[in-house]
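# Sequence below, structure please.
(one chain, ligands or ions: 1)
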Amino acid sequence: MTGFSIPTDILEFDRFSQFVSQEKVNKDDLIITSERTYKHFIEPMKLDAQVIYREKYGKGEPTDEMVDAILSDLKTKTFERVIAIGGGTIIDISKVIAVSKADDCVDDLYDCSEKLKKIHPLIIIPTTCGTGSEVTNISVINRVRKGVKMGLASEAMYADKAVLIMEMLDSLPYKIFATSSIDAMVHSVESFLSPNGCSISYMFSKEALKKIIIAWKKTMDCGNKSEANEMYTNENWKKYASDFLIGSNWAGIGFGYAGCAAVHACAYPLGSVYHIPHGQSNQLMFEAVMRKYKEIQPYGRINELEKVIADCLESKVDDAMEALYSLMNQVLCCEPLHKFGIKEDELSVFSKNVINTQQRLLKNNYVNLTEEQILEIYKFAY
Ligand SMILES: [Fe+2]
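Presented below is the predicted three-dimensional model:
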């Protein structure tokens, strides 16, 4: 067992301009970002840093082909620091770039993950409130060539600095707020239930969960909902944006030590095969996994979890999980898997795939799950 530590400095600013002047961003820096973030925050600062846009290399979550294309283009560039400004995809790509030598490709990195070294200092600025990836050492890449979505983990991929800038959430669309905050909530729950946590990681997971669900409740209690499409007109969450950004960071610290588990493991095929956004795919599996845990082992840390949730949502302990499912459903309507075009006969393939490729996550389960039980989880969510 390794001790709890965070090698990343965590800085907090209200505005992007404060970060730029403190860190003296310059022409030797390589910024990896989206065009939307560039236009909104970076262009007005007239920086002379080098910039690459993730859109140029494809949509959706990072793939081996996308990262290899970026590494190929970077062969002709000279740069020192890598500055990631974005959501999970940009952060995951940037972690890989920070440890890549000029002639590396993704397959090489997976082959020698234990020997990876930091080549470029890495600064991460999250622009969503979900991944917590700014404080973890994992990069999740969809290895299209191998047909599997896998995490690449290395001490060398920890950021040197994680910078929380409250202003970065200002232009976040509701749907991305919803899916990313659900992801953060799932990180907090999975790491809280993990048997591989410690008292410090559990504290971060618990406080993250409290921050997120209390902010969700306040958002939904005072939201300005329209009947036509209440989910996408609710801007009220922005009043609590800093709670969501900090909650996501604390959940990242929690799962960075204790790990995520079956919800993430079962969600991966939905992301890699059906391209459902990461946070949403976690939502689709969350209730089914929690119900299975409760069925198999109704007594244990899950009761502490229920108590924390009940205190936040002012419900009875026995009703806490239902109250959380209901609140999460208000944040983003949870649809059954078949609504996404998933075929019922694929569920057994997914179950086998999860058992074969996601042991890194499954070892953090609240209780051990067999392939048959994972199939039952998928069927419940279907
Ligand atoms: Fe996640």
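
# Could you list the domains of the chain?
Using automatic domain parsing, the domains assigned to the chain come out as 9-169, 174-381.

# Around residue 101, count how many other residues there are.
Residues near residue 101, counting by other Cβ atoms under 10 Å, number 11. C-betas here are computed from N, CA, C, even on glycine.

# Residue 144 now?
A total of 13 residues lie near residue 144 under the criterion other Cβ under 10 Å.

# Can you give me the distance of it to residue 317?
According to Cβ to Cβ, to the nearest Å, residue 144 stands 45 Å off from residue 317.

# Name the SS class of whatever residue is furthest in space from the centre of the chain, please.
The outermost residue of the chain relative to its centre, with distances by Cα atoms, centre = their mean, is residue 76 at 31.2 Å. Three-state call for residue 76 (DSSP: H, G, I helix; E, B strand; the rest coil): coil.

# give me phi/psi at it?
When read as degrees, to the nearest 10, the backbone of residue 76 gives phi -90, psi 0.

# Just the pLDDT at it, thanks.
Model confidence at residue 76, given as pLDDT, is 91.

# And the helices in the stretch 251-382 of the chain?
262-274, 278-296, 301-313, 320-331, 346-357, 359-362, 371-381 (DSSP state H, counting those that start in this stretch).

# Please name the nearest non-neighbouring residue to residue 98.
Spatial nearest neighbour of residue 98, excluding adjacent residues (Cβ to Cβ, 6 or more residues apart in numbering): residue 122 at 4.1 Å.

# measure that neighbour to residue 20 for me?
Distance from residue 122 to residue 20, by Cβ to Cβ: 17 Å.

# next one: residue 358
39 Å.

# For the two, indicate the residue with more neighbours.
Neighbours were tallied for residue 358 and for residue 20 using other Cβ under 10 Å; the higher tally belongs to residue 358 (24 against 17).

# Name the nearest residue to that one, ignoring sequence neighbours.
Spatial nearest neighbour of residue 358, excluding adjacent residues (Cβ to Cβ, 6+ apart): residue 265 at 3.8 Å.

# you'd agree the one you found is up against residue 354?
Yes. Contact between residue 265 and residue 354 holds when scored by Cβ atoms under 8 Å: they sit 5.1 Å apart.

# where do the contact lists of the two overlap?
Listed as contacting both residue 265 and residue 354 by Cβ atoms under 8 Å, 6 or more residues apart in numbering are residue 362.

# Sketch out the strands for the stretch 51-200 of the chain, chain order is fine.
Using DSSP state E, counting those that start in this stretch, the strands of the stretch 51-200 of the chain run over residues 82-86, 122-126, 138-143, 148-153, 161-165.

# Can I get the third one in CSV, CA atoms only?
Listed next in CSV are the C-alpha coordinates belonging to strand 138-143 (Å, rounded to 0.1, in the frame of the first residue of the first chain):
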residue,chain,number,x,y,z
ILE,A,138,-4.6,8.5,-15.2
SER,A,139,-5.3,9.2,-18.9
VAL,A,140,-8.1,7.2,-20.4
ILE,A,141,-7.7,6.5,-24.2
ASN,A,142,-10.1,4.6,-26.4
ARG,A,143,-7.7,2.2,-28.1
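
# tell me the angle that strand makes with helix 346-357.
If you take axes from the mean of the first three to the mean of the last three Cα atoms, to 10 degrees, strand 138-143 sits at 130 degrees to helix 346-357.

# To what extent is residue 72 buried, counted in neighbours?
Using other Cβ under 10 Å, residue 72 has 12 neighbouring residues.

# By mean pLDDT, point me to the weakest helix or strand of the protein.
None of the helices or strands of the chain scores lower by mean pLDDT, DSSP states H and E than strand 148-153, at a mean of 83.

# Off-centre distance for that strand?
13 Å (Cα atoms, centre = their mean, to the nearest Å).

# Counting by contacts, list what it packs against.
helix 106-111, strand 138-143, helix 262-274, helix 346-357, helix 359-362 (3 or more Cβ pairs under 8 Å, 6 or more residues apart in numbering; DSSP states H and E).

# got a list of what the residue nearest to residue 98 touches?
With contact set as Cβ under 8 Å, 6+ apart, residue 122 has these partners: 81, 82, 84, 94, 95, 98, 157, 158, 159, 160, 161.

# Over to residue 17?
Per Cβ under 8 Å, 6+ apart, neighbours of residue 17: residue 45.

# tell me which element it falls in.
Under the criterion of DSSP states H and E, residue 17 resides in helix 16-23.

# okay, the angle between that helix and strand 122-126?
170 degrees.

# picking that back up, would JSON lines of the strands of the stretch 51-200 of the chain with distance to residue 344 be doable?
JSON lines is the format used below for the strands of the stretch 51-200 of the chain (distance: least, Cβ to Cβ, whole Å):
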{"stretch": "strand 82-86", "distance to residue 344": "36"}
{"stretch": "strand 122-126", "distance to residue 344": "37"}
{"stretch": "strand 138-143", "distance to residue 344": "24"}
{"stretch": "strand 148-153", "distance to residue 344": "22"}
{"stretch": "strand 161-165", "distance to residue 344": "42"}
